[in-house]
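Colleague: One predicted model, sequence on top.
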Amino acid sequence: MLATQLTESSSMKLRYLIPALAGCLATAPVQADEACGDVVIAEMNWASAAAMAQIDKIILEEGFGCDVELVIGDTVPTFTSMVEKGEPDFAPEIWVNSVREPLDAAVSEGKILIGGEVLKEGGVQGFWIPAALAEEHDLKTVADALARPELFPGAEDGTKGAFHTCPPGWDCGPISENLLRAYGALDGGFEIVETGSAAALDGTIARAVERGEGWIGYYWGPTALLGKYEMTLLDFGVPFDAQEWARCTSVPDCQDPKKNGWQTGEVYSLAAAPFAEKAGVAMDYVTKRSWDNATASAVLAWMDENQATSEDGAYFFLESFPDVWTAWVSPEVAEKVKSAL
């Protein structure tokens, strides 16, 4: 999910494929009485994707009469199985950066079709601070925040500001360090504070926000935490440069990092070709449904606060956000799903 960024040419290629696929599928409106049959969906092992798999299951079963089976999934093994075996039928949420080159090949060979952009705004990554702190001190950019180390306590050296990085092994760690050096932060009053896990990173944010303290560090969305706390994503002040990213930004211990943006991740549904050929009604639905990060984060926050399963989260979403999901289906299908709820 937190993968190396797309090259500019690959991103352009992906944007070209989506309209082409949409044009092929944009025929008659989706009707509930069209044949659907058996559908196998990968329930990926992170919260937003798992919730979407359960949402898909309910809508396809109750609205379209499909017989849906959920199977456990993860990005690389699920993608590989879809290419080599044509199963599962589709993956609701794939951060395509992590399978960029093989995905291009699979699409060109007709083995995979790219469905809708499930995260409408994409997956966001970068440097965040509490929204209240941003407003109080008029902090809008990375440079604004890094010029005020005194606002960000928590460093071992009490005279410095603390930058909270992601857990060991994630590629965002070296990237964040390179960007901090590019912006002069490590020579200008900051030190990096390591976190041992995603939960520990979340904990540092929660404590800071609830105590009204400053916090700055790497984070991403959508997540439950962003649904619970108001955070501000800082502007890097420069556009994303794919060549510089590949040359240095994403290279651990690069000696001469330059300022750079952090590109929004492209997050799509992927369908195996056999499924797309046999299940037009379900495939048409897969190309249409998309939610914004605020909605996804709100659902994840509810799940976290209520210790709820992804299935619980799906029902919460369908009951609480009808304006979102009814736009994905016909009025007939929407009524069938509402009746089932």
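Modeller: Great, that's in hand.
Colleague: Three-state assignment for residue 157, please.
Modeller: coil (DSSP: H, G, I helix; E, B strand; the rest coil).
Colleague: which residues sit in contact with it?
Modeller: For residue 157, the contacting residues are residue 191, by Cβ atoms under 8 Å, 6 or more residues apart in numbering. To be clear about C-beta, it is placed using only N, CA and C from the backbone, and glycine gets the same treatment.
Colleague: Can you give me the pLDDT of it?
Modeller: Note for residue 157: predicted pLDDT of 92.
Colleague: can you pull out the helices in the stretch 1-150 of the chain?
Modeller: For the stretch 1-150 of the chain, the helices defined by DSSP state H, counting those that start in this stretch occupy 8-25, 47-58, 64, 75-85, 100-108, 131-137, 142-146.
Colleague: who's residue 130 bridged to?
Modeller: Bridge pairing for residue 130 (DSSP bridges) gives the partners residue 231.
Colleague: just checking, it touches residue 230?
Modeller: Yes - Residue 130 is in contact with residue 230 according to Cβ atoms under 8 Å; the separation is 7.1 Å.
Colleague: so what sits against both of the two?
Modeller: Applying Cβ under 8 Å, 6+ apart, one finds that residue 130 and residue 230 are jointly contacted by residue 209.
Colleague: Between the two, which is the more surrounded one?
Modeller: Between residue 130 and residue 230, residue 130 has the larger neighbour count (other Cβ atoms under 10 Å), namely 21 against 12.
Colleague: So for the more buried one, what's the pLDDT?
Modeller: On pLDDT, residue 130 comes in at 98.
Colleague: what does the one 3 residues further on give?
Modeller: pLDDT recorded at residue 133 is 98.
Colleague: mind checking how far it is from residue 37?
Modeller: To residue 37, residue 133 is 53 Å away according to Cβ to Cβ, to the nearest Å.
Colleague: Nearest residue to residue 79 in space, please, no chain neighbours.
Modeller: Residue nearest to residue 79 in three dimensions, not counting chain neighbours: residue 99, with 4.9 Å by Cβ to Cβ, 6 or more residues apart in numbering.
Colleague: how big is the angle separating the helix or strand harbouring residue 338 from helix 47-58?
Modeller: When elements are assigned from DSSP states H and E, residue 338 belongs to helix 331-340. Put simply, helix 331-340 runs at 100 degrees to helix 47-58, going by axes from the mean of the first three to the mean of the last three Cα atoms, to 10 degrees.
Colleague: other SSEs contacting helix 331-340?
Modeller: For helix 331-340, the packing partners by 3 or more Cβ pairs under 8 Å, 6 or more residues apart in numbering; DSSP states H and E come out as helix 322-325.
Colleague: give me that answer again for 10 Å
Modeller: Counting contacts by 3 or more Cβ pairs under 10 Å, 6 or more residues apart in numbering; DSSP states H and E, helix 331-340 is packed against helix 64, helix 310-320, helix 322-325.
Colleague: So which of those is nearest residue 261?
Modeller: Across the helices and strands packed on helix 331-340, residue 261 has its closest neighbour in helix 322-325 (28.9 Å, Cβ to Cβ).
Colleague: give me every residue that touches residue 300.
Modeller: Counting by Cβ atoms under 10 Å, 6 or more residues apart in numbering, residue 300 makes contact with 46-48, 50-51, 221-228, 308, 310, 313.
Colleague: gap between it and residue 51?
Modeller: Distance from residue 300 to residue 51, by Cβ to Cβ: 7 Å.
Colleague: swap in residue 96?
Modeller: Distance of residue 96 to residue 51, given as Cβ to Cβ: 19 Å.
Colleague: Residue 256 too?
Modeller: For residue 256, the distance to residue 51 - Cβ to Cβ - is 42 Å.
Colleague: So the two - more neighbours on which side?
Modeller: When neighbours are counted by other Cβ under 10 Å, residue 256 and residue 51 differ, and residue 51 comes out ahead with 29 against 9.
Colleague: Can you report how many residues neighbour the spatially closest residue to the more buried one that is not a sequence neighbour?
Modeller: Computed as Cβ to Cβ, 6+ apart, the closest residue to residue 51 that is not its neighbour in sequence is residue 313, at 4.3 Å. The number of residues packed near residue 313 is 26, by other Cβ under 10 Å.
Colleague: buried set for the helix holding residue 338?
Modeller: Neighbour-count burial for helix 331-340 flags 333, 334, 336, 337 (criterion: 16 or more other Cβ atoms under 10 Å).
Colleague: Stretch 151-161 now?
Modeller: 151, 152, 154, 155, 160, 161.
Colleague: Looking at those, which one is closest to residue 115?
Modeller: Using Cβ to Cβ, residue 152 comes nearest to residue 115 of the buried residues of stretch 151-161, at 40.7 Å.
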